[in-house]
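Asker: starting from these lines, generate the structure:
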Amino acid sequence: MSENTFACLAGDGVGPELMAAATRALDRVAHLHSLDLADVHLPFAGEAMTRSGHPLPAETRTAYRDVDAILVSSQHEPAFEGVKADLHLAWRIARVQLGERADVVVIAPMGAWADAIAVERAFACASTRRGRVAAVSTDDSWFGFVEREQVRWPGMQAERIGLGEAVVRLKESPTTMDVVVTESHLLDGLVDAASHFAGSKAYVAHGWMPDSGPGVFAPGESEADDLGGFDAADPTGMLLTASLLLGEGLKRRSASRTLERAVGTAVGRNGSAPRQTRSFTDAVIALMPEARTDVEHFDEVWR
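Answerer: Numbering: from 1, shown residues only. As a prediction, the model looks like this:
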């Protein structure tokens, strides 16, 4: 098995604790699935300012261009915009955890120029899941991309729905919407609605995906920096983001499912109790053997 390398941009505050939780979980799931993963920790944001006086130093920018994927502890750091600007990003993906064994994926282009790319990636993603695509748009002409792409995927189910209906279904029957593909300006609203109905933005993982080179992954919600050092930062979003990185950034889909299912089970067992960083991560790691999936041929899809 060839080695996959991912860059870790932790920053300061609670970033190092959350990144440590993610790398511990990734190390364990890699061991379970016999994967060869290597992480490279790079100065970023406040940590980089302390070291070099710049939030995104040249050595960090050079290093993350040579990895397979990039994991960031917070997308709300100003330096994160510089990371995205350095990459050849074409489309976005967000995955919202709905329960112990349920989620919904939302995919959109980075801009109108990448509409066809995003639609193709949505069908490819659905082919590794339940084979269903829901196309959401306020513009009837946009559905043409979906109709043309569906011809290439015989047996796949695709439906056209309006924005209002999509929001209602995300509230009342979200599991009927496996993979959603939409226009660029609608993604954030749909993801916010899905996470609201799911109960927390901590259940959201985001990925910004390239037409070539590494993609970058970050949780939907950032923990307050004043929680740093108290083992009080909720690692749920970071662990789900690590799962998304495995599946979409490294194409290790079985390992991704194992981590995602372990997180979902741990959330269900934890209930409404506060989630401490280390103990919750310990619980997720302990659940991995029973959450393990072994459908390794999924790792060959999307190569």
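
Asker: residue 122: what's it in contact with?
Answerer: Counting by CB atoms under 8 Å, 6 or more residues apart in numbering, residue 122 makes contact with 107, 133, 179, 180, 181. Glycine gets a C-beta too; all of them are placed from N, C-alpha and C.

Asker: can we see that at 7 Å?
Answerer: 107, 133, 179, 181 (CB atoms under 7 Å, 6 or more residues apart in numbering).

Asker: skip ahead from the helix or strand it falls within and say which helix or strand is next.
Answerer: Assigned by DSSP states H and E, residue 122 belongs to helix 115-127. Using DSSP H and E, the helix or strand that directly follows helix 115-127 along the chain is strand 132-136.

Asker: which other helices and strands does that next one contact?
Answerer: In terms of contacts (3 or more CB pairs under 7 Å, 6 or more residues apart in numbering; DSSP states H and E), strand 132-136 is packed against helix 115-127, strand 157-161, strand 179-182.

Asker: between the first one and strand 157-161, how many degrees?
Answerer: Meaning helix 115-127. Interaxial angle of helix 115-127 relative to strand 157-161 (axes from the mean of the first three to the mean of the last three CA atoms, to 10 degrees): 130 degrees.

Asker: and helix 115-127, what's buried?
Answerer: Across helix 115-127, burial judged by 16 or more other CB atoms under 10 Å covers 115, 117, 118, 119, 120, 121, 122, 123, 124, 125, 126, 127.

Asker: could you dump the residues you listed into CSV with distance to residue 24 and pLDDT added?
Answerer: Converted to CSV, those look like this (distance: CB to CB, whole Å; pLDDT from 0 to 100):
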residue, distance to residue 24, pLDDT
115, 39, 96
117, 34, 96
118, 33, 96
119, 36, 97
120, 35, 96
121, 30, 96
122, 32, 97
123, 34, 96
124, 30, 95
125, 27, 95
126, 31, 95
127, 31, 93
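
Asker: so which of the residues you listed comes closest to residue 68?
Answerer: residue 121 (17.1 Å; CB to CB).

Asker: which residues sit in contact with the closest one?
Answerer: 91, 107.

Asker: what about it, distance to residue 92?
Answerer: 10 Å (CB to CB, to the nearest Å).

Asker: list residues touching both of the two?
Answerer: Among the neighbours of residue 121, those also in contact with residue 92 (CB under 7 Å, 6+ apart) are residue 107.

Asker: can you give me the buried ones in stretch 68-83?
Answerer: Buried residues in stretch 68-83, defined by neighbour count with 16+ other CB under 10 Å: 68-75, 77, 79-80, 82-83.

Asker: which stretches of the stretch 1-150 of the chain have low pLDDT?
Answerer: Low-confidence regions of the stretch 1-150 of the chain, defined here as pLDDT under 70, cover residues 1.

Asker: quick revisit: return the helix holding residue 122 as CSV; C-alpha atoms alone will do.
Answerer: Output in CSV follows, covering the C-alpha atoms of helix 115-127 (Å, rounded to 0.1, in the frame of the first residue of the first chain):
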residue,chain,number,x,y,z
ASP,A,115,-20.7,23.5,-12.4
ALA,A,116,-20.1,20.4,-14.6
ILE,A,117,-17.2,19.3,-12.4
ALA,A,118,-19.3,19.4,-9.2
VAL,A,119,-22.1,17.5,-10.8
GLU,A,120,-19.8,14.8,-12.0
ARG,A,121,-18.2,14.5,-8.5
ALA,A,122,-21.7,14.3,-7.0
PHE,A,123,-22.6,11.3,-9.1
ALA,A,124,-19.2,9.7,-8.4
CYS,A,125,-19.7,10.2,-4.7
ALA,A,126,-23.3,8.8,-4.8
SER,A,127,-21.9,5.7,-6.6
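
Asker: what is the burial count for residue 231?
Answerer: Applying other CB atoms under 10 Å, we find 12 residues neighbouring residue 231.

Asker: what kind of secondary structure is it in?
Answerer: What DSSP: H, G, I helix; E, B strand; the rest coil gives for residue 231 is coil.

Asker: for residue 167, same thing?
Answerer: Here residue 167 takes the helix state, with states given by three-state DSSP.

Asker: closest to residue 14 among the buried residues of stretch 68-83?
Answerer: Among these, and counting by CB to CB, the member closest to residue 14 is residue 73, at 7.4 Å.

Asker: now do the contacts for that closest one.
Answerer: Contact partners of residue 73, counting by CB under 7 Å, 6+ apart, are 9, 10, 11, 15, 18, 19, 238.
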